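S.K.: sequence below, structure please.
(one chain, ligands or ions: 1)
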Amino acid sequence: MCTGLSYTTKNHYFGRNLDLEFSYNEKVTITPRNFPFEFRRVPPLPTHHAIIGMATTADGFPLYYDGTNEKGLSMAGLNFPDNADYKPEAADKTNIAPFEFIPWVLAQFDTVTQVETALTKVNLVDIPFNDDFPQSPLHWIISDSDRSLAVESVRSGLRVYDNPYGVLTNNPTFDIQSFNLNNYMHLSTNPPENNFSDQLRFDTYSRGMGAIGLPGDLSSASRFAKAVFTKMNSISGTSESESLSQFFQILGSVAQQRGCVRVGGEDSYEITIYSSCCNTDTGVYYYTTYENSQITGVDMHKVDLDSEELVDYPLTKGQQIAMHN
Ligand SMILES: C[C@H](CCC(=O)NCCS(=O)(=O)O)[C@H]1CC[C@H]2[C@@H]3CC[C@@H]4C[C@H](O)CC[C@]4(C)[C@H]3C[C@H](O)[C@]12C
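M.R.: Numbering: from 1, shown residues only. Down below sits the predicted model:
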């Protein structure tokens with residue numbers, strides 16, 4: 001499971017939790033403007049926007065999990081099992097393989113609204129990367145500082161939703177996730193009032209009681225409600241430190257601790273492998289990992305963005321403890 005998030009203070013920030021029981025050796029990866037992008041069914045892009053994000057590179061191609069381009073447009077892929085349905089090639093459409101979707105979008109568009117227009121022609125074609133990286137069922141959040149979309153290729157076709165929450169988790173489909181929020185409209189950050197019965201007396205014995213009923217389990221529907229509540233009520237100062245802290249706190253509210261979500265075999269548990277937060281205005285990509293609570297950053301503008309070569313940074317995965325004595 002995963003959670004994607006778009007958040008604005010003075011600058012705009014975009015990132016995600018990647019929750020999984022293993023890692024594919026992902027690295028913070030910068031694709032400079034002249035890296036020759038080739039696609040399976042659409043024309044290559046020899047020059048394009050530069051991209052920074054988390055990716056596994058295979059056969060020289062950056063397989064992005066999430067990324068931001070130099071115009072501040074961002075996109076992340078999240079697991080969408082059983083619902084994702086990729087299509088046969090369509091002659092009258094722009095046929096993009098799912099693993100090409102993030103590079104293809106971030107390489108050429110500046111805003112969500114531009115992407116929305118282009119998506120009317122897009123067909124997510126069922127072409128896997130290779131035998132080592134078979135097709136994965138994904139859906140996507142696409143954000144800029146103004147708005148977000150949720151994009152889902154399902155049996156009935158490509159669904160593009162306006163995403164006013166700037167949040168995406170996993171199943172069910174985005175329309176159902178949105179509908180479910182109706183169940184939580186009574187939640188409040190204020191102390192509760194007695195609407196239960198005027199014949200009874202109640203005591204607000206604790207702070208935070210206005211949001212009793214907000215789910216705290218790690219299922220994707222619960223994480224969606226929790227993350228939307230936390231984000232929509234978030235208050236942050238505008239400095240980089242305050243903004244980053246608030247962003248990682250929101251992601252932390254839906255993070256997965258080892259042992260709580262068993263998957264498959266005896267000793268297999270899902271954890272939050274990494275949390276990322278890219279300042280989309282400055283092009284600095286920050287991350288923490290499960291065992292590295294210190295924020296690590298990579299500034300895309302510190303490398304030669306006119307080059308042709310991918311630049312990647314292996315993740316620092318152990319705790320970086322600042323001892324006082
Ligand atoms: C598994 C992850 C989602 C995390 C999640 O939700 N985990 C719940 C698991 S569980 O459902 O609970 O068991 C997703 C998110 C992004 C994905 C990569 C995107 C690029 C590329 C696309 C290719 O087509 C296939 C290989 C590829 C490297 C992808 C591998 C994998 O699919 C990634 C890491």
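S.K.: near the ligand, which residues of the stretch 51-200 of the chain?
M.R.: On the criterion C-beta under 6 Å from any ligand atom, the ligand has as its neighbours in the stretch 51-200 of the chain the residues 56, 63, 65, 77-79, 81, 98-99, 129, 133, 135-136, 170. Just so you know, the C-beta spots here come from the backbone N, C-alpha and C atoms, and that holds for glycine as well.
S.K.: 8 Å - rerun?
M.R.: Contacts of the stretch 51-200 of the chain with the ligand, taken as C-beta under 8 Å from any ligand atom, map to 55-56, 58, 63-66, 76-79, 81, 97-99, 102, 128-129, 133-138, 170.
S.K.: please enumerate the strands of the stretch 51-200 of the chain.
M.R.: Under the criterion DSSP state E, counting those that start in this stretch, the stretch 51-200 of the chain contains strands at 51-58, 61-69, 74-79, 94-96, 122-124, 138-143, 148-154, 157-162, 167-168.
S.K.: got JSON lines for those strands, with mean neighbour count too?
M.R.: Output for these, formatted as JSON lines (neighbours: other C-beta atoms under 10 Å):
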{"stretch": "strand 51-58", "mean neighbour count": "24"}
{"stretch": "strand 61-69", "mean neighbour count": "25"}
{"stretch": "strand 74-79", "mean neighbour count": "27"}
{"stretch": "strand 94-96", "mean neighbour count": "22"}
{"stretch": "strand 122-124", "mean neighbour count": "22"}
{"stretch": "strand 138-143", "mean neighbour count": "26"}
{"stretch": "strand 148-154", "mean neighbour count": "22"}
{"stretch": "strand 157-162", "mean neighbour count": "15"}
{"stretch": "strand 167-168", "mean neighbour count": "30"}
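S.K.: relative to residue 196, which of those strands is closest?
M.R.: strand 167-168 (30.3 Å; C-beta to C-beta).
S.K.: who does the closest one touch, helix- and strand-wise?
M.R.: Helices and strands touching strand 167-168, by 3 or more C-beta pairs under 8 Å, 6 or more residues apart in numbering; DSSP states H and E, are strand 2-8, strand 138-143, helix 220-232.
S.K.: could you dump these to TSV with mean pLDDT?
M.R.: Formatted as TSV, these follow (pLDDT from 0 to 100):
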stretch	mean pLDDT
strand 2-8	97
strand 138-143	98
helix 220-232	98
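S.K.: tell me which of the strands of the stretch 51-200 of the chain lies nearest to residue 274.
M.R.: For the strands of the stretch 51-200 of the chain, proximity to residue 274 was assessed by C-beta to C-beta; strand 51-58 is nearest, at 6.9 Å.
S.K.: export the closest one as CSV, just CAs?
M.R.: Taking C-alpha atoms only, strand 51-58 is exported to CSV below (Å, rounded to 0.1, in the frame of the first residue of the first chain):
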residue,chain,number,x,y,z
ILE,A,51,12.9,15.1,-13.9
ILE,A,52,13.9,14.2,-10.3
GLY,A,53,12.3,11.4,-8.4
MET,A,54,12.6,7.9,-7.1
ALA,A,55,13.3,5.3,-9.7
THR,A,56,14.8,1.9,-10.4
THR,A,57,16.8,2.1,-13.6
ALA,A,58,16.7,-1.0,-15.8
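S.K.: what's the angle from that strand to strand 74-79?
M.R.: With axes from the mean of the first three to the mean of the last three C-alpha atoms, to 10 degrees defining the directions, strand 51-58 sits at 40 degrees from strand 74-79.
S.K.: strand partners of strand 51-58, parallel vs antiparallel please.
M.R.: Strand 51-58 sits in its sheet next to strand 27-31 (antiparallel), strand 61-69 (antiparallel), going by DSSP bridges.
S.K.: let's have the ones you listed in a markdown table, adding mean pLDDT.
M.R.: Putting those into a markdown table (pLDDT from 0 to 100) gives the following:
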| stretch | mean pLDDT |
| --- | --- |
| strand 27-31 | 98 |
| strand 61-69 | 98 |
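S.K.: adding distance to residue 288, write these out as TSV.
M.R.: Shown next, in TSV, are the strands paired with strand 51-58 (distance: least, C-beta to C-beta, whole Å):
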stretch	distance to residue 288
strand 27-31	12
strand 61-69	14
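S.K.: nearest to residue 220, out of those strands?
M.R.: Ranking the strands paired with strand 51-58 by proximity to residue 220 (C-beta to C-beta) places strand 61-69 first, at 16.7 Å.
S.K.: what ranges does the chain have for its helices?
M.R.: Counting by DSSP state H, the chain has helices at residues 101-108, 112-119, 174-180, 220-232, 240-252.
S.K.: the stretch 201-325 of the chain against the ligand: which residues are in contact?
M.R.: Where the stretch 201-325 of the chain comes near the ligand, counting by C-beta under 8 Å from any ligand atom, the residues are 261, 263, 264, 270.
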